[in-house]
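A.B. asks: show me the folded form of this:
(one chain, ligands or ions: 1)
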Amino acid sequence: VDLSTVIAGVPLSNVFFNAAGAWCQREDELQALLDSGAGSLITKSATYEAREGNPTPRYAPLADGVISGGGGSISSIGLANEGYKYYLNYARQFDVTRHGKPLFISLSGLSLADSVKMVTAFAQAELSGCILEINFSCPNVPGKPQLGYDMNAMDTTLATLAPLIEKPFGIKLPPYFDMAHFDQVAAVVNKYDNLAFVTCINSVGNGLAIDLDTERAMIKPKNGFGGLGGRMILNTALANVNAFYRRLAPGKQVIGVGGVVSGKEAFLHILAGASAIQIGTQLMEEGPPVFDRVKRELESIMEKKGYNSVEEFRGKVKTL
Ligand SMILES: C=Cc1c(C(=O)O)[nH]c(=O)[nH]c1=O
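C.D. replies: Presented below is the predicted three-dimensional model:
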């Protein structure tokens, strides 16, 4: 069973890796991903300077069937990261042939000027096996509306950054809930030849989880408002993956993320059109062993259905 795939011209040893933000802020976490069954890895979204992020508690699992949650997580980390230079140094010493896994770098500039400086530094470093995923969708920086919901700003940003990157790169998108928005965003994405993939979806922004017993919000930042992840966002994620799979120009790919807790949801993401799969909440809850488990589960579903490679069913969701 062939689970391998190629994104932006770089082969992945299998379709699974972490979602930016999960298990990827520091080198020890990244090493654990390298040692795991993941086919690649992505670093925590970087800003120009290091950031502490929001006050804790800022992440909470929401157990399925418990009043406070529908199976997943709520989080408002606030872009805590080591600063882009840390990840640039990590990328400089990253040996893609030794690891057999490409390195994705997530960048989340707080301003266009910051994004230009970070992108330029990565482009000038001429890093092999390193792919940029520009984050347009952080919902948790107080006072910062996310770029992904401002189509003109997204277009302007891409007009500036795409030529600087030259190599194929991707963007991380928020969930959209309106057909007109799928059309508008796809039209922007299709303008940029080296924009090779979109990653759908980031957390469903500004949810609120309340504990029945304490009558209190589950996380501290923003009166408890935070991004929703995990099983409860699967169907929104599948819709976004399929909407962009149907709309993007030939050659552009979709990386699926949102609600993958087992091989089943991974299979559905691929059926919806995903070329690769990122895992966030389930990685936070289970740790890096999650990758061997979901890989095994996906392989057994494929064997049962008689598929030998993911290409045979990618994007082939049937309609009535
Ligand atoms: C980069 C910041 C993000 C964060 C965060 O650092 O709060 N949380 C998310 O769910 N998505 C993000 O894109």
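A.B. asks: list the contacts of the residue positioned nearest the centre of the chain.
C.D. replies: Most central residue of the chain, judged by C-alpha distance to the mean C-alpha position with CA atoms, centre = their mean, is residue 19 at 4.2 Å. Taking CB atoms under 8 Å, 6 or more residues apart in numbering as the criterion, residue 19 is in contact with 42, 257, 278-280, 283. Yep, even glycine has a C-beta here, placed from its N, CA and C like the rest.
A.B. asks: over to the closest residue to it other than its chain neighbours: give its phi and psi.
C.D. replies: Counting by CB to CB, 6 or more residues apart in numbering, residue 19 lies nearest to residue 280, which is 3.4 Å off, once chain neighbours are set aside. Backbone geometry at residue 280, expressed as degrees, to the nearest 10, gives phi -110, psi -80.
A.B. asks: correct me, but residue 280 touches residue 227?
C.D. replies: No - assessed by CB atoms under 8 Å, residue 280 is found out of contact with residue 227, at 9.6 Å.
A.B. asks: overlap in contacts, these two.
C.D. replies: Taking CB under 8 Å, 6+ apart as the contact definition, residue 280 and residue 227 share the neighbouring residues residue 203.
A.B. asks: give the contact list for residue 86.
C.D. replies: Contact criterion CB under 8 Å, 6+ apart gives 46, 50 as the residues in contact with residue 86.
A.B. asks: how about 6 Å then?
C.D. replies: Going by CB atoms under 6 Å, 6 or more residues apart in numbering, residue 86 touches no other residue.
A.B. asks: looks to me like it is in a helix.
C.D. replies: Yes - Residue 86 sits within a helix when classified using DSSP: H, G, I helix; E, B strand; the rest coil.
A.B. asks: got phi/psi on residue 51?
C.D. replies: When quoted as degrees, to the nearest 10, the phi and psi of residue 51 stand at phi -130, psi 140.
A.B. asks: near the ligand, which residues of the stretch 51-200 of the chain are found?
C.D. replies: 75-79, 108, 135, 137-138, 140 (CB under 6 Å from any ligand atom).
A.B. asks: let's see that with 8 Å instead.
C.D. replies: Residues of the stretch 51-200 of the chain lying close to the ligand (CB under 8 Å from any ligand atom) are 53-54, 58, 75-81, 106, 108, 135, 137-141, 146, 172.
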